[in-house]
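# coords below, sequence missing:
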């Protein structure tokens, strides 16, 4: 029974930074060597990052990526890691076009290489645009075992590449992945990988990317299952990690070459000698999944941190209004960047309440972050007087929000912080925000979180702090006071919106669930409320596209990615 | 020899406005009836508009579209047009998924229906995301002739659906299209359609959509060729039109059913009686294509007009700086909306030259549009003093541009005009503009026009006016003076940028041509200049994605649509 030690390198790649990703790959393989591993498996497109979007179409980029794979094979050999069979994901390109590829490196050379077969083209994936599909599977003979590979989506297909490998006969399947986080996605992944292991008749090593990339977050959660679907190992979520697992495999003999399930299976020989016997690890390394709120909080923290750092910033600046949204954004930012990287600005106008200032100050005190006070009354005054905006309603309200956005951008220009927008998913969905005003910012950390969920996260984060004997970061008053934009005297969110609990329920069905008017009626909502919410959402959708605002509102990380036309006469339920 | 009169309804649909598009369809079929037509062919997706993007995935939208086709068949019949065989494009949906469909309506019913087979998935097209591919072709027997249909991209395939129809045996092929305008695209379309006619062994009726939809412009240019590829008719560009063409066809007998080129050909019978003999039209209706500059100008005018009107606006507002960009934007806007729909605002700061005011006034005088003067000195002053921005360079410069953007948005809120951004493609490509400043606006009419081309268009438009004995709209001084942003004393564009002629040359290769560093060197540009321009473009690309600005910068209508990651470590030529 050949033994084999496999390391899963759950890494945080940066899109386009081929040389940085390659340097990091050498470091991880060295660590794997120190851990005694014979095989290392990196995630999908680990050398280029994922998704590279239309960079995939750029020939010079594909050339650089191909070159980096050859160079990496040599560098690993030079670093004394040439005997480790290393699987890396990268962008390839041949006469057919760009390819989502993975290569197996051994003794300074590429010994096997294959292209992704199933190209997902929905939600955040546009792979029919980015790649051409592969039609071959390379099985590598290594130390007395036959190792097959499937790239990401290929593992989701019943009767696809995994089945082909099972029929060809392999001892182990490795799978590089770039599978973005969605709430409760780990409930889907493990049963899926277990089913596929049965189809392959072999254990599966599933390595996933980790970290934030633009509006996606990868959670890691790399797993290993045996041929019966039993969990042998699981990496922690939301952090880089080297997961090391030992196998003791039957070694079922040479894999067959030829066509299986419409795919060409080819056999490549790396080495034929079994590994010398060694003492396996005592404990299976199985990390516990995070609780639901901890998982979401971690995703938000990592998404924000990587957006800031990968774009070359060290600090962020945004308005501290005293309300719940900016308080949660601030707590997230401090968890992501440290208190010294967070610059709050309290920007009272003449309609701002006393508690908006005191709650902002209390927030900064609890977090230990920076805070300055910059009233916007004088800027607003000039506009109101010169353009006679007094009593004009919307025009006057918007000027306050825009004076604040302009102020934040000026401080960003002066001091080099990235501006954050603190809008939540509910207010963005119904358009309860000002274009070029509170929507100003390069990143919106809670854009994927409905308002009721913002409150829940605030309470959860405070409770966590109490458990640890720390000061709860979010002032209780910011959690309990009725939400208000404070752009006119006595204004409350409920003047313009249904109660948030009801509103979020409808949005969850209409925006997330893609349900229609009739479905919402059947779900028991009142016709009048449905009409009102649908009108707000559709108006906001199109308004947002007419005046694209300063944040990407794609609902990607936590739900659906909608791409809608700007101009549209379609209104859901208009026939009623 | 059966005679047949065919009308091509080159219509301007609005995405999502199914009921409006259906009402318009009835009007056009009535006009075709008045012209004695037996067949009417509408463009691809004429009932839903094109592209519907992710609306294609919404079940309620597909249901409404299917229903609209059935309703339209009845309404045409009630309107006395039931005997006209009417081809309409629409969104269908079956158990497989959404479909890019076209139906043939006759005597109150759908007599044939087929789904697009080849789904383009590049540039502005994402059809693998939006639709499932069809595998059938419906040939309609009508008045002694066999009529086949191919939808849009299906006509671009050698040995595809057109070839299948040729092998099955048809007398005529109708083709509904939604083919966006690109410069000189008509040089490609006619030879292509002529080649396909030879493959079909039959004439082709090619109806294209017309009008602006978001950042696309459809030019119409519908054409008819006989089986030898000879042009029988061509509709004018950029305007709705009913093109009527007479055929006198051999009537080669029943088309064969069965599988051809992997597609199932089915025969549907509408009517078997030949049309009564009639007197054909004397002249073949062939419109002359526009000159190159006239074509671009028309595309810009139509794109702007439809963006404004289809989004429910009647008027636009933007800064009149006295420079060439806002002058050309103003001339376009007046051509698109009339002088009364154009509101100029001169917004001098303390660095503005005297000629910036006088040239703006002269522009408004020539165009007869609205102009108001709103100095921004007071707004800028408050920021500069409160934040100590004096002498800070970029932060102080940006405040001026942002004060103007905020002012325009306030006037938009007050008076209901759409704000336009007047940046050209060169300055957007190299990032020579201020986020939330001059980039504020819902639409950027010259975003697809390089600076040198802006000057060429200005001279062309003035010359056209002189030919017609009208006042040239653009002041000569705006054309000849050296470009300046006027954000600091004595500033000139050439302080920060290479000369525009050189810059546009490099951008044309790098941005439009997607050429790499080595290609640019080989083309004879200096290494230092290439480095400089590439750095600016890449920085601007990523900056624009970090802070998405107030205009869609996709370069769609006139070139490539690039979708790049926000975060990226990739820099072209970084290896040098």
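Everything's here; your move. Computed from a predicted structure; not experimentally measured. Numbers count the residues shown, from 1 in each chain, chains lettered A, B, ... in the order given.

# chain B contacts on the stretch 201-350 of chain A?
Residues of the stretch 201-350 of chain A that fall close to chain B, judged by C-beta under 8 Å from any C-beta of the partner chain: A:213-215, A:306-307, A:310-311. Where you see a C-beta, it was placed from the backbone N, CA and C, and this is true even at glycine.

# buried residues in the host helix or strand of residue A:296?
Element membership for residue A:296, per DSSP states H and E: helix A:292-310. In terms of neighbour count (16 or more other C-beta atoms under 10 Å in any protein chain shown), helix A:292-310 has its buried residues at A:293, A:295-310.

# could you do stretch A:371-381 as well?
For stretch A:371-381, burial by neighbour count (16+ other C-beta under 10 Å) applies to A:371, A:374-377, A:379-381.

# residues near residue A:41, how many?
The tally of other residues near residue A:41 (other C-beta atoms under 10 Å in any protein chain shown) stands at 31.

# against chain B, how distant is it?
From residue A:41 over to chain B the distance is 23 Å, taken as C-beta to the nearest C-beta, to the nearest Å.

# backbone dihedrals for that residue, both of them.
The phi/psi pair for residue A:41 (degrees, to the nearest 10) reads phi -120, psi 120.

# about what we covered before: helix or strand right after the helix holding residue A:296?
Following helix A:292-310 in sequence, per DSSP H and E, is strand A:316-319.

# partners of that next one, with directions?
Applying DSSP bridges, strand A:316-319 is found paired with strand A:342-346 (parallel), strand A:418-419 (parallel).

# test my guess that residue A:428 contacts residue A:540.
Yes. Using C-beta atoms under 8 Å, residue A:428 is in contact with residue A:540, at 7.3 Å.

# can you pull the domain assignment for chain A?
Listed domain ranges for chain A are A:3-278, A:293-545 (source: automatic domain parsing).

# of all those, which lies closest to residue B:122?
Judged by C-beta to C-beta, the one of the domains of chain A that comes nearest to residue B:122 is domain A:3-278, at 6.4 Å.

# show me how far the closest one is from its chain's centre.
Relative to the mean C-alpha coordinate of its chain, domain A:3-278 is positioned 19 Å out (C-alpha atoms, centre = their mean, to the nearest Å).

# gap between the two ends of that domain?
8 Å (C-alpha to C-alpha, to the nearest Å).

# please apply the same query to stretch A:472-485.
End-to-end distance (C-alpha to C-alpha), stretch A:472-485: 25 Å.

# for it, buried residues please.
By neighbour count on 16+ other C-beta under 10 Å, the buried set for stretch A:472-485 is A:472-475, A:478-479, A:481, A:483-485.

# could you do stretch A:221-238 as well?
Buried-residue list, stretch A:221-238, by 16+ other C-beta under 10 Å: A:221-227, A:229, A:232-238.

# do me a favour and get the end-to-end distance for that stretch?
8 Å.

# so what touches that stretch?
For stretch A:221-238, contacts defined as C-beta atoms under 8 Å, 6 or more residues apart in numbering or on different chains pick out A:6, A:8, A:10, A:185-186, A:189-190, A:193-195, A:197-198, A:200-208, A:210, A:217, A:219-220, A:241, A:243-245, A:284-287, A:289-290, A:295, A:298-299, A:301-302.

# ok, of these, which come out buried?
Buried members of the contacts of stretch A:221-238, counted by 16+ other C-beta under 10 Å: A:6, A:8, A:10, A:186, A:189-190, A:193-195, A:197, A:200-208, A:210, A:217, A:219-220, A:241, A:243-245, A:285, A:287, A:289-290, A:295, A:298-299, A:301-302.

# now, which of those lie within helices?
A:186, A:189-190, A:193-195, A:197, A:200, A:295, A:298-299, A:301-302 (DSSP state H).

# could you list the buried residues of the strand or helix carrying residue A:71?
Following DSSP H and E, the helix or strand that holds residue A:71 is helix A:59-78. Counting neighbours by 16+ other C-beta under 10 Å, one finds that the buried residues in helix A:59-78 are A:60-62, A:64-66, A:68-69, A:72-73, A:75-77.

# residue of the stretch 1-150 of chain A nearest chain B, please.
residue A:17 (2.5 Å; C-beta to the nearest C-beta).

# tell me the phi and psi of residue A:443?
The phi/psi pair for residue A:443 (degrees, to the nearest 10) reads phi -150, psi 140.

# any idea how many residues pack against it?
26.

# how about residue A:39?
A count of nearby residues for residue A:39, using other C-beta under 10 Å, gives 28.

# so who does it touch?
By C-beta under 8 Å, 6+ apart, residue A:39 lies in contact with A:4-7, A:84-87, A:142, A:147, A:174.

# same question for residue A:486.
Going by C-beta under 8 Å, 6+ apart, residue A:486 touches A:321, A:349, A:351-353, A:356.

# from the buried residues of stretch A:371-381, which land in helices?
Under the assignment DSSP H, these contribute A:377, A:379-381 to helices.

# so which of those residues also contact chain B?
Okay, of these touching chain B (C-beta under 8 Å from any C-beta), that's residue A:379.

# just the buried positions in stretch A:133-146, please.
Quick answer for stretch A:133-146 (16+ other C-beta under 10 Å): A:133-134, A:137-146.

# near chain B at all, that stretch?
No. For a cut-off given as C-beta under 8 Å from any C-beta, stretch A:133-146 has no contacts with chain B; the smallest distance is 11.5 Å.

# just the ones in helices from the buried residues of stretch A:472-485, please.
A:478-479.

# columns pLDDT on top of the buried residues of stretch A:472-485, output as CSV?
Below are these laid out as CSV (pLDDT from 0 to 100):
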residue, pLDDT
A:472, 98
A:473, 98
A:474, 98
A:475, 97
A:478, 96
A:479, 97
A:481, 92
A:483, 90
A:484, 89
A:485, 85
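
# and chain B, which of the buried residues of stretch A:472-485 contact it?
When C-beta under 8 Å from any C-beta is applied, no member of those is adjacent to chain B.

# quick one: the longest helix along chain A to chain centroid distance?
In chain A, taking DSSP H as the definition, the longest helix is helix A:394-415. Centroid separation for helix A:394-415 versus its chain: 29 Å, with C-alpha atoms, centre = their mean.

# just to revisit the earlier point, what is the most widely separated pair among the ones in helices among the buried ones among the contacts of stretch A:221-238?
A:200 and A:301 (35.8 Å).

# strands of the stretch 151-300 of chain A, start to end?
For the stretch 151-300 of chain A, the strands defined by DSSP state E, counting those that start in this stretch occupy A:172-177, A:204-208, A:210-213, A:216-219, A:223-225, A:231-234, A:241-248, A:258-260, A:263-271.

# would you list those in CSV and tack on mean pLDDT?
As requested, the strands of the stretch 151-300 of chain A are exported to CSV (pLDDT from 0 to 100):
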stretch, mean pLDDT
strand A:172-177, 97
strand A:204-208, 97
strand A:210-213, 93
strand A:216-219, 91
strand A:223-225, 97
strand A:231-234, 96
strand A:241-248, 96
strand A:258-260, 97
strand A:263-271, 96
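
# need those in TSV (columns: distance to residue B:117).
Formatted as TSV, the strands of the stretch 151-300 of chain A follow (distance: least, C-beta to C-beta, whole Å):
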stretch	distance to residue B:117
strand A:172-177	33
strand A:204-208	37
strand A:210-213	35
strand A:216-219	33
strand A:223-225	40
strand A:231-234	45
strand A:241-248	46
strand A:258-260	27
strand A:263-271	25
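
# and these: which comes nearest residue A:421?
Nearest of the strands of the stretch 151-300 of chain A to residue A:421, taken as C-beta to C-beta: strand A:210-213 at 16.4 Å.
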